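>>> Sequence and predicted model, in that order:
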Amino acid sequence: MVSARLTQLIESNWREIAELAARRLAADPRSSNYHQMKPAEIHDRAYEILHNLSFWLVAGDRVELHRRYVALGQIRCAEGMPAMQVVRKLQVIKQAVREYVRDHRMGPDVVELHGEYDLTSALDLFFDEAIYGIVKGFELQWEFDEDRMDSVLNGPSA
């Protein structure tokens, strides 16, 4: 079972985690498109994930999670953002969350460590689903763009 204390810790301190992720993205050569993005935009994206994390980890609707990230993938693709950089952003946010939890655990007792393990396992599943949705969204957008381009070049199909 995911630790309520740890998810509350993340949700309550989402700004600090978002700032850590924003600093890392700004310095990461694998996320150069995010270097131009304002920290407030990165904070907004992190907020969406972190502020309601307990919902997504405990009671989250996988269909809704998939829908949201497919849509986000389509948006980022249409904006011209490379898929690998969107995936990298999610990885950086996940790493920032894991590091924050590790650095703010109460102590080395077995219950706390077990709660941290359960949380990181749930985080892995959440971010895996999000990444899958992002990639699926990119794929759908590419297909849409290809069909649209065919229509422009060849006229509408009969």
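Yep, that arrived.
>>> Please work out how many residues are found near residue 47.
14 (other C-beta atoms under 10 Å). Where you see a C-beta, it was placed from the backbone N, CA and C, and this is true even at glycine.
>>> For residue 74, see how far away it is.
21 Å (C-beta to C-beta, to the nearest Å).
>>> quick one: contacts for the most centrally placed residue in the chain?
Central residue of the chain (C-alpha atoms, centre = their mean): residue 90, 3.8 Å from the mean position. Listed by C-beta atoms under 8 Å, 6 or more residues apart in numbering, the contact set of residue 90 reads 127, 130, 131, 134.
>>> cutoff 10 Å now
21, 45, 49, 69, 72, 126, 127, 128, 130, 131, 134 (C-beta atoms under 10 Å, 6 or more residues apart in numbering).
>>> what about it, which helix or strand?
helix 83-103 (DSSP states H and E).
>>> any low-confidence regions in this protein?
1-2, 35, 39, 59-60, 106-111, 148-153, 155-158 (pLDDT under 70).
>>> The lengthiest helix in the chain versus helix 83-103: what angle between them?
With residue count as the measure and DSSP state H as the assignment, the chain has helix 110-154 as its longest helix. Angle, helix 110-154 to helix 83-103, by axes from the mean of the first three to the mean of the last three C-alpha atoms, to 10 degrees: 170 degrees.
>>> tell me which strands and helices helix 110-154 is in contact with?
Counting contacts by 3 or more C-beta pairs under 10 Å, 6 or more residues apart in numbering; DSSP states H and E, helix 110-154 is packed against helix 4-12, helix 39-50, helix 53-54, helix 62-78, helix 83-103.
>>> For residue 78, which non-adjacent residue is closest in space?
residue 141 (5.8 Å; C-beta to C-beta, 6 or more residues apart in numbering).
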